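S.K.: Let's see this in three dimensions:
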Amino acid sequence: MADAPGGLYPVVLRPRGRRALVVGGGKVAARKAAGLLAADAHVLVVSPAFAFDRLVHTAALTLVKTTVRAVGS
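M.R.: Below is the predicted model of the structure:
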């Protein structure tokens, strides 16, 4: 199967009422979280910080502030 243009692939989701996980708190993560919230998903964001505080006060969004660290091998 040939790669999609730009190495991307399309995804169609129906997230209404489902849980969604967003890892990261930058602009891209905030945009993804906003889109999922607009589609009536329950969003969990895991990040040490989140770019858009206005989304944090949304009832369907849970922010877990944590730092990811490597576990010794």
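S.K.: Okay, helices next: where are they in the chain?
M.R.: For the chain, the helices defined by DSSP state H occupy 27-38, 53-56.
S.K.: Which of the helices and strands in the protein ranks last by mean pLDDT?
M.R.: helix 53-56 (a mean of 71; mean pLDDT, DSSP states H and E).
S.K.: which residues touch it?
M.R.: 30, 33-34, 37, 50, 61, 63 (C-beta atoms under 8 Å, 6 or more residues apart in numbering). Any C-beta I mention is one placed from the backbone N, CA and C, and that applies to glycine too.
S.K.: What subset of the residues you listed is buried?
M.R.: Buried members of these, counted by 16 or more other C-beta atoms under 10 Å: 30, 33-34, 37, 50, 61, 63.
S.K.: For this protein, which residues score under the pLDDT cut-off?
M.R.: Counting by pLDDT under 70, the chain shows low-confidence ranges at 1-5, 56, 68, 73.
S.K.: Which residues lie in contact with the residue nearest to the spatial centre of it in this structure?
M.R.: The C-alpha lying nearest the average C-alpha coordinate of the chain belongs to V22 (C-alpha atoms, centre = their mean; 2.3 Å). Taking C-beta under 8 Å, 6+ apart, we find V22 in contact with 29, 32-33, 36, 43-47.
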